[in-house]
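**Q** Please work out how this folds:
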Amino acid sequence: MARLRAYSLILLTLYALAIVTWIALSHGLSDANSKPLGTDFASFYAAGSLVLDGRAASVYDMAAHYAREQLFFGAHTPYYAWFYPPFFLLIAAPLAAFPYLPALAIWQFVTFAGYFAVMRAILLTAPLTRNQTVLGLLATAAFPAVFINLGHGQNGFLTAALLGGALIALPRRPILAGVLFGLLAYKPQFGLVIPVALLAAGQWRSIGAAAMTVAALALGTAALFGLDIWTAFAASTELSRKMLLQDGDVGFEKLQSVFAAVRMWGGSVSFAYAMQGLVSAVVVGSVAWVWRRSRDDCAKAATLSAATALASPHILDYDLMILGPTIAFMTVAIARRGAKSYEISVLAAAWLVPLITRGITGATGIPLALVTMIALYGVIQYHAAKGDSPNWG
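**A** Numbering: from 1, shown residues only. As a prediction, the model looks like this:
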């Protein structure tokens, strides 16, 4: 515990120094490398501003979208693409009503607060002392994926909050859980495993609430932005799959999936899909088994959270925020049952790996985050196989 406290405080201090230095070296809305502060948030902001101008479908026109980014950040700014479903415009458009820097601050603060609140709610279900809970919250704030997400201005906090919140709400408030699962539709690549788990557990109210939420979002965006926005989104999916996944335009060292590892090692697209499909099938099968047979809500939540990351071919390092709830749920399990030293080591590795995976993968070709996630999934399955523990208290 003393080491975790020390590491967390050291990392938080380094994060603060890095952020202050980066802002001090910035000029206008751009950083020292002439990239927008918040990098990927530039895409969200530009898309939102097009919506406010009555040009919602133009967010899927790369030339129009890039022209809007250049308008805000200068002609030489790199392009940050927009390939999200129209759902996400319901967030991007209100944010674009503010000046850029306040919008970035609001986005990061509100979504981080949601992530932190969900992590606190998970930890409070464990039989921990007050000091242990405070330490867990300190580690929650210092989780390296937090720093990665802040630097990219990305949506990892929102993803972790929705997934973690849905999982902790499910046993007692299944309709709320279904709504939160439905809101995750803005990240469709993370939707492979969740329906399987809910079907295996017979969570019909959650399934209904999730389906109604997605339908409401689809109808609402069509009513607000026009039906053509869905046509434009559908037309963009092939390009996004080719650019962001198959060709690795974002860099295979940034992607944390089996698919990306195979492509990084020189494998063909078809072989990469085959290997990802094999791993995803194994993961989906194990999730169905755990959610069908287990009464341990902790093991089920940790299994689904980790499986969501492993089953997706497109998961970037900021998406490793998903590991936050996974680690928290396993912390609850360990507090109830105890754990072996190697299990603690795997959890520690999962906590640290977002900070170092991109650099190590790029330098050595070893997909460190993927290896760690597989090890973590094995630990979770071991706990799930040990038997049932009490449900949320």
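
**Q** Please name every helix or strand in contact with the helix or strand bottoming out on mean pLDDT in the chain.
**A** Across the helices and strands of the chain, mean pLDDT, DSSP states H and E gives its lowest value to helix 228-240, namely a mean of 87. Counting contacts by 3 or more CB pairs under 8 Å, 6 or more residues apart in numbering; DSSP states H and E, the secondary-structure elements packed against helix 228-240 are helix 204-225. Every C-beta, even on glycine, is put in place using the N, C-alpha and C of the backbone.

**Q** Would you mind listing the outside residues contacting the helix it packs on?
**A** 51, 56-57, 86-87, 89-90, 170, 174-179, 181-183, 185, 194-195, 198-199, 229-230 (CB atoms under 8 Å, 6 or more residues apart in numbering).

**Q** Please repeat the previous calculation with a cut-off of 7 Å.
**A** 51, 56, 86-87, 89-90, 170, 174-175, 177-179, 181-183, 185, 198, 229-230 (CB atoms under 7 Å, 6 or more residues apart in numbering).

**Q** Can you show me the CA trace of it as CSV?
**A** These are the backbone C-alpha positions of helix 204-225, laid out as CSV (Å, rounded to 0.1, in the frame of the first residue of the first chain):
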residue,chain,number,x,y,z
TRP,A,204,-34.5,-8.6,-20.3
ARG,A,205,-35.3,-5.3,-18.8
SER,A,206,-31.8,-4.0,-19.4
ILE,A,207,-31.9,-5.3,-23.0
GLY,A,208,-35.2,-3.5,-23.6
ALA,A,209,-33.9,-0.3,-22.0
ALA,A,210,-30.7,-0.4,-24.0
ALA,A,211,-32.6,-1.1,-27.3
MET,A,212,-35.0,1.8,-26.6
THR,A,213,-32.1,4.1,-25.7
VAL,A,214,-30.4,3.4,-29.0
ALA,A,215,-33.6,3.7,-30.9
ALA,A,216,-34.3,7.1,-29.2
LEU,A,217,-30.8,8.3,-30.0
ALA,A,218,-31.2,7.3,-33.7
LEU,A,219,-34.6,8.9,-34.1
GLY,A,220,-33.5,12.0,-32.2
THR,A,221,-30.4,12.6,-34.3
ALA,A,222,-32.4,12.0,-37.5
ALA,A,223,-35.0,14.5,-36.3
LEU,A,224,-32.4,17.1,-35.3
PHE,A,225,-29.9,16.7,-38.1
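
**Q** Which ones among the contacts of helix 204-225 map onto helices?
**A** Among the contacts of helix 204-225, the subset assigned to helices under DSSP state H consists of 51, 89-90, 174-175, 177-179, 181-183, 198, 229-230.

**Q** are any of the residues you listed buried, and which?
**A** Buried residues within the ones in helices among the contacts of helix 204-225, defined by neighbour count using 16 or more other CB atoms under 10 Å: 51, 89-90, 174-175, 177-179, 181-183, 198, 229-230.

**Q** ok, which pair from those is furthest apart?
**A** For those, the farthest-apart pair by CB to CB is 51 and 174; their separation is 33.1 Å.

**Q** Flag the shaky bits of this structure, pLDDT-wise.
**A** Judged by pLDDT under 70, the chain has its weakly predicted residues at 244, 339, 387-393.

**Q** what about the most far-flung residue of it relative to its centre, distance to residue 206?
**A** Within the chain, the residue lying farthest from the chain centre (CA atoms, centre = their mean) is residue 75, at 30.6 Å. Taken as CB to CB, to the nearest Å, the spacing of residue 75 relative to residue 206 amounts to 48 Å.

**Q** just residue 294 next, same as before
**A** Using CB to CB, one gets 17 Å for the distance from residue 294 to residue 206.
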